[in-house]
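Asks: A structural model of the following input is requested.
(2 chains)
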Amino acid sequence: AQKITQTQPGMFVQEKEAVTLDCTYDTSDPSYGLFWYKQPSSGEMIFLIYQGSYDQQNATEGRYSLNFQKARKSANLVISASQLGDSAMYFCAMREGGATNKLIFGTGTLLAVQP
Amino acid sequence: GAVVSQHPSWVICKSGTSVKIECRSLDFQATTMFWYRQFPKQSLMLMATSNEGSKATYEQGVEKDKFLINHASLTLSTLTVTSAHPEDSSFYICSASQDTGGLQETQYFGPGTRLLVL
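Replies: Coordinates of the predicted model:
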């Protein structure tokens, strides 16, 4: 079964508008961490934001915020005031508790910001 | 901080040759480094986890004799694609983490290496 699901293969958003990228996850571990990464066309993976399973508040980092709904097992990324430079692939990833520190990635969402 | 470099950024080689890719953490010591493979328009697939001074742990389906990983120091890990074939052509990307503990430990990624085997 997919551990990380990103149902939107691609999205358009107008410059200066907000956009939400969906991510749902599946785990039976009560302790886990959720990450979002951005991958521009150049290929590098850029860390954006982290949310821990025990965090009481939604994570925010500048224009990025994470809409964490634990009961629904969703961790959607919200980008406010979209900029042309936000056009990229966005990956949601999860790390489960335990000895492993591996990240499990979703299939990604390609975001295109239109002027 | 937390910069990871990869070299080379791209390489073209003939079928049957071996190719070495280096991954370096420039401003921190990386206890653990990860090697991923990414096909066009697809997600990252973890190939192996390498810990400094010990043998790499390979994911299921990844041939350890084909993809040799050496984590020689806390700042350097290498991936050697041995006897490369066209189907090995892909984008290879490494990441590094400090392993200070905790789920929030972030993996910092290198810029990736594009391998084309002709």
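Asks: burial count for residue 67?
Replies: Using chain A. A:N67 is flanked by 16 other residues according to other C-beta atoms under 10 Å in any protein chain shown. Every C-beta, even on glycine, is put in place using the N, C-alpha and C of the backbone.
Asks: Actually, chain B is the one I wanted.
Replies: Around B:F67 there are 20 residues (other C-beta under 10 Å).
Asks: now do A:K73
Replies: For A:K73, using other C-beta under 10 Å, the count is 14.
Asks: do B:V3 as well
Replies: So B:V3, with other C-beta under 10 Å, has 13 neighbours.
Asks: Find the centremost residue of chain B, please.
Replies: The centroid of chain B falls nearest to B:W35 when counting by C-alpha atoms, centre = their mean (3.2 Å).
Asks: host element of that residue?
Replies: Taking DSSP states H and E as the criterion, B:W35 maps to strand B:32-38.
Asks: contacts for that strand?
Replies: A:101-103, B:23, B:25, B:44-52, B:56, B:67, B:69, B:71, B:77, B:79, B:90-97, B:99, B:107, B:112 (C-beta atoms under 8 Å, 6 or more residues apart in numbering or on different chains).
Asks: Averaged pLDDT, whichever helix or strand comes after it. What do you get?
Replies: Counting by DSSP H and E, the next helix or strand C-terminal to strand B:32-38 is strand B:44-51. Per-residue pLDDT over strand B:44-51 has a mean of 92.
Asks: buried sites along strand B:44-51?
Replies: In terms of neighbour count (16 or more other C-beta atoms under 10 Å in any protein chain shown), strand B:44-51 has its buried residues at B:44, B:46-50.
Asks: Stretch A:10-19 now?
Replies: For stretch A:10-19, by 16+ other C-beta under 10 Å, it's A:13, A:19.
Asks: Give me the mean pLDDT for that stretch.
Replies: Averaged over stretch A:10-19, pLDDT sits at 96.
Asks: With stretch B:84-96 instead?
Replies: pLDDT averaged over stretch B:84-96 gives 95.
Asks: The strand holding B:W35 pairs with which strands, parallel or anti?
Replies: strand B:44-51 (antiparallel), strand B:90-97 (antiparallel) (DSSP bridges).
Asks: thought A:Q8 was touching A:T109?
Replies: Yes. With contacts counted by C-beta atoms under 8 Å, A:Q8 reaches A:T109, the gap being 4.6 Å.
Asks: higher neighbour count, these two?
Replies: More neighbours surround A:T109 than the other of A:Q8 and A:T109, with 21 against 16 (other C-beta under 10 Å).
Asks: Chain B against chain A: which residues are in contact?
Replies: Counting by C-beta under 8 Å from any C-beta of the partner chain, the residues of chain B close to chain A are B:32, B:34, B:42-44, B:46, B:49, B:91, B:93, B:95, B:97, B:99, B:103-112, B:114.
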